[in-house]
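# Okay, here's the prediction I keep looking at, along with the sequence it came from:
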Amino acid sequence: MNNRRERLPLTFIDSNVLFRMFAASPQKIKQYQETGSCGKKSLDYAIALLLNLERGGYSTSEIALLETISVASRLGGPSKAEAMFRSVIMQEGLRILETRALTYPLGFAIVLRYQLEARDSLHLAVATLGGVTALVTSDESFADGTESIIKQVALQGFQLPKSISAIYRLTDKESTLIEQRAAQSLALLSVEKAPA
Amino acid sequence: MRTVKIWTTIDYALKKDLKALTADLGYKTETECLREALRQGVQALKAQRSVFGMLAKRKDSILQSAGLLEEEYERLSKGELELRIKSQWRKVEQSA
C-alpha cells in the first residue's frame, strides 16, 4: 500500500521574514512595484512574498508567530504587536502550523541527532509534520543546519533515538510514523536563504 | 489493512466541521484528516480550529498593516533582527 500523500507546495516563512512584511511601508511597496526594488534587499524579498500571500501555499508556525510578536511587542509596544498578530491570523493564504503532539519528540530527536539549536529544531519539527516543502529564513545558521540535515537524511534516513521513544512512551507504530514522516518530508524540503 | 467503519456514527454537524477542518489543514480528504486527528490527538486539532478559525480571513490583511513597524526596523542594524529573535532563546553576543 502506498502511504505517501501527494504534497502541494507549502512554504514556511520564518519569523525574521514575517517581521519584515510589517516593516515595508506602502511607499516602499509602491517603489518596489514600479522599479523592482525599494532599495533594501531584505525588504524587497519580504515585499515579493507579501504580494504573493493571497495566492496561498504559505505558512508559518505558532512558535514563529510567537517569536515575531514578542520582538514586535518589545520594539514597538503591545498595541502594534497586537495589530500585527491579528493581521497574520486573518491573512488568507497563510496557514498557521500548530504544535502537534509529536512535535516535541521530533524536536528532541533533531537536537540529539544533528545538534540543531532548540528554536531551530522546533521550527523544523513543526514544518516537517506540517508537510512544508520550502523553508525561507534569513537566519543563516538555521538555513545551513537544515540543509545539512536534509543531506544526512538523504544518505542515512531518519532514525528516532530509542531514548525518545522510551521517554515519550511511543508505540513502535508511532515511532515508525515519525521516522517515515521525517524522512519523506525532509526529502522534499528545500531551503531558501532570504537576505538579512 | 483493517478497515474500521466510522462514518455512520458521525452526525451532520460534526461532518460539516470535519470538512472545514480538512480544508483548513490542507488534507485532500476527510478520511485523511480524521486519521491524522485520531493519530495526533483530536484535541490539538480542535484547538487549532478554534484559535485560528474564529476570525474571518482577508486577502490583504498583512498588506493593510504594512509599514506598521517601519520605524522600528529602520533602527535595527543589519542582522540585528535575527539576533533579537534568537536572543529570546539563548544568550547571544550582541555583535550586530
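Cool, got the structure.
# Next up, the contacts around A:G145.
A:114, A:116-117, A:120 (C-beta atoms under 8 Å, 6 or more residues apart in numbering or on different chains). Just so you know, the C-beta spots here come from the backbone N, C-alpha and C atoms, and that holds for glycine as well.
# Which helix or strand contains the nearest residue in space to B:R39 that is not next to it in sequence?
Closest residue to B:R39 apart from its sequence neighbours, by C-beta to C-beta, 6 or more residues apart in numbering or on different chains: A:L177 at 7.0 Å. Using DSSP states H and E, A:L177 maps to helix A:172-188.
# What are the contacting residues of the following helix or strand past that helix?
Scanning forward in sequence from helix A:172-188 by DSSP H and E, the next helix or strand is strand A:190-193. With contact meaning C-beta under 8 Å, 6+ apart, strand A:190-193 is reached by A:133-138, A:140, A:143, A:146-147, A:150.
# pLDDT on strand A:190-193, on average?
For strand A:190-193, the mean per-residue pLDDT is 97.
# what pairs with it, and is each one parallel or antiparallel?
strand A:134-137 (parallel) (DSSP bridges).
# Can you tell me what sits against the partner strand?
Counting by C-beta under 8 Å, 6+ apart, residues outside strand A:134-137 touching it are A:9-14, A:16-17, A:49, A:124, A:127, A:143, A:146, A:189-194.
# List buried residues within those.
A:10-14, A:16-17, A:49, A:124, A:127, A:143, A:146, A:189, A:191, A:193-194 (16 or more other C-beta atoms under 10 Å in any protein chain shown).
# circling back: how many other residues sit next to the residue nearest to B:R39?
Each residue near A:L177 was counted by other C-beta atoms under 10 Å in any protein chain shown, and the total is 17.
# What pLDDT does the model give it?
The score at A:L177 is 85. That number is its pLDDT.
# so which of the contacts of A:G145 are also by chain B?
A:E117 (C-beta under 8 Å from any C-beta of the partner chain).
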